[in-house]
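# have a look; sequence and predicted model below, questions after that.
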Amino acid sequence: MKKQMVLFMSAVLIIMLAAGCTTQQQDALEPDPTGDIDHNPFKAADNEVLGSMSHGFANLGLDENGMGASLCYEGGELTIDYVAGASGTAKNIGFLIFVGGVAQPYKFNTTEGPYEYMHLFELEEDNRETPFTFVFTPVTGKQGDILAVHIISLYNPAFIPDMKETQSYGGYHTTLEMVRPMIFNADADIISSVPPFAYLSNISLSTEPVTSAFLDSLGSGFGPIDMEALNKRIFSQLYMNGEDMKTTSNMQTAKDGTLHVIFKIAGHPGVRYQSTLYINHNAMSDKDGISFETVLEKGNVAVIEADIDLGKLEDFNTLYVISVPCNASDFPDDVITALKTESLLLYK
């Protein structure tokens, strides 16, 4: 089985973290065709490596085509054997799980533990794989379905700026994604112990036409974005109370009342995404659900709007949105991956 160390953090990036700078955009890499270990390197200009991290499915093997074998759900709670390894400064890690794009609470290493959306832990030894298990009942899925299971790690999720020495997340909270299909041989059971984070209200889903102003707002160090690029790639934007969060990593809020959030996603026509808003690594919900589906259309921007109840938040909060593709297998010639917005600090 192919094993590669992943998520190399550069010396420059670590220094930038101390200075409270924003995350630098990284080029996407081709995924490992076996689906066993994905990789996303960050190297310093002098090739110094300060740390590395890897994770993948354990003992799952390959199918007849040499690709990662499918998971199977037979009813009840499902156990997934997994491994993670790290060295240097990259040993703080947390995992988020999605089934069919929907945020999935899970137990960690035991059937008796609590269901949570993220479990954080510290890898103790350098260059040694640590085995563990995810235990959960899928939140979606019917007999005969084949749904993708996305396991997404966050690097150093425990970090949060204190607005004294640090004002942003720098290179922390970067993600690494593993995906396997899961065959449902039974309907998913309904669980009643899902963590409640009913912080959202007034959810609305809509579309708006792509404008030249929208395309201009997507421009980056890689140059302007035109309609041709928009039809091949996928972009997202986050607005808080009407303010574009592209150039800031923190926002001061009131202690009570509501904060209006607008999330926009556009790009490759036909791709279906489920988007989830997270606060302190917990999936926020309203009466209508947790993850919200959008289908990307040529010439349109998908828009999700909601109000966040500020009275339920802590004094310092990490907010981000993760969008997970539901039908990436329909586009085998394209790289369709999960997207995460930059982590945003909301502080009172």
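That came in fine, so what should we check first? Numbers count the residues shown, from 1 in each chain.

# please enumerate the helices of the protein.
Counting by DSSP state H, the segments of the chain that form helices are 11-19, 212-217, 227-230.

# where along the stretch 201-348 of the chain do the strands fall?
For the stretch 201-348 of the chain, applying DSSP state E, counting those that start in this stretch gives strands covering 234-240, 243-244, 250-252, 258-267, 272-279, 282-283, 291-295, 300-309, 316-325, 339-340, 344-347.

# F159 is nearest to which of those?
Nearest to F159, of all those, is strand 316-325, at 8.7 Å by CB to CB. For the C-beta atoms, the positions are set from N, CA and C on the backbone; glycine is no exception.

# quick one: the strands of the stretch 201-348 of the chain as TSV, columns for mean pLDDT, mean neighbour count and distance to Q143 too.
Compiled in TSV, the strands of the stretch 201-348 of the chain are given as follows (pLDDT from 0 to 100; neighbours: other CB atoms under 10 Å; distance: least, CB to CB, whole Å):
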stretch	mean pLDDT	mean neighbour count	distance to Q143
strand 234-240	95	19	31
strand 243-244	92	12	44
strand 250-252	96	14	45
strand 258-267	97	20	31
strand 272-279	98	23	21
strand 282-283	96	21	26
strand 291-295	96	20	21
strand 300-309	97	19	30
strand 316-325	98	22	22
strand 339-340	96	20	30
strand 344-347	98	20	40
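
# pipe these into a markdown table and attach distance to L71 per row.
Converted to a markdown table, the strands of the stretch 201-348 of the chain look like this (distance: least, CB to CB, whole Å):
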| stretch | distance to L71 |
| --- | --- |
| strand 234-240 | 25 |
| strand 243-244 | 39 |
| strand 250-252 | 39 |
| strand 258-267 | 27 |
| strand 272-279 | 18 |
| strand 282-283 | 21 |
| strand 291-295 | 19 |
| strand 300-309 | 29 |
| strand 316-325 | 16 |
| strand 339-340 | 23 |
| strand 344-347 | 33 |
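
# out of those, which is closest to Y82?
Nearest to Y82, of the strands of the stretch 201-348 of the chain and by CB to CB, is strand 316-325 at 18.0 Å.

# name the strands paired with the closest one and say parallel or antiparallel.
When sheet partners are counted by DSSP bridges, strand 316-325 sits next to strand 272-279 (antiparallel), strand 339-340 (antiparallel), strand 344-347 (antiparallel).

# got the contact list for the first one?
When you say that, I think you mean strand 272-279. Identification of contacts with strand 272-279 by CB atoms under 8 Å, 6 or more residues apart in numbering yields 96, 98, 100-103, 117, 197, 199-200, 261, 263, 265, 283-284, 290-296, 302, 304, 306, 308, 313, 317-327, 339, 346.

# how far out from the middle of the chain is that strand?
Taking CA atoms, centre = their mean, to the nearest Å, one finds strand 272-279 lying 8 Å from the centre of the chain it belongs to.

# in contact with the closest residue to N317 other than its chain neighbours, which residues?
Counting by CB to CB, 6 or more residues apart in numbering, N317 lies nearest to L346, which is 4.4 Å off, once chain neighbours are set aside. Residues near L346 by CB under 8 Å, 6+ apart: N250, M251, T253, L259, I279, L313, F316, N317, T318, L319.

# state the distance from the fifth one to L346.
Look at I279 and L346: by CB to CB, to the nearest Å, they are 8 Å apart.

# one more: the fourth one?
Computed as CB to CB, the L259 to L346 distance reads 7 Å.

# the second one too?
From M251 across to L346, the span is 6 Å (CB to CB).

# what does the third one give?
According to CB to CB, T253 stands 5 Å off from L346.

# what touches both of these two?
Common neighbours of T253 and L346 (CB under 8 Å, 6+ apart) are L259, L313.

# list the residues that contact the closest residue to V194 other than its chain neighbours.
Leaving out its chain neighbours, the residue that sits closest to V194 by CB to CB, 6+ apart is P105, at 5.3 Å. Contact analysis of P105 by CB under 8 Å, 6+ apart lists Y115, E116, Y117, F136, V139, V194, P195, A283.

# swap in 10 Å and give it another go.
Counting by CB atoms under 10 Å, 6 or more residues apart in numbering, P105 touches 96-97, 114-118, 136-137, 139, 191, 193-195, 282-283, 290.

# out of the residues you listed, which are buried?
Among the contacts of P105, the ones that count as buried by 16 or more other CB atoms under 10 Å are L96, I97, Y115, Y117, M118, F136, T137, V139, V194, N282, A283, I290.

# pick out the lowest-pLDDT one from those.
pLDDT across the buried ones among the contacts of P105 is lowest for V194, at 70.

# how does this protein divide into domains?
Following automatic domain parsing, the chain resolves into domains at 11-184, 200-347.

# out of these, name the one with the poorest average pLDDT.
Ranked by mean pLDDT, the domains of the chain bottom out at domain 11-184, which scores a mean of 77.

# so which of the strands paired with strand 316-325 is nearest G223?
strand 339-340 (19.8 Å).

# just give me how far that closest one sits from the chain centre.
Offset of strand 339-340 from its chain centre (CA atoms, centre = their mean): 5 Å.

# go on, stretch 317-327?
Relative to its chain's centre, stretch 317-327 lies at 5 Å (CA atoms, centre = their mean).

# got it, and stretch 98-110?
With CA atoms, centre = their mean as the basis, stretch 98-110 stands 12 Å off its chain's centre.
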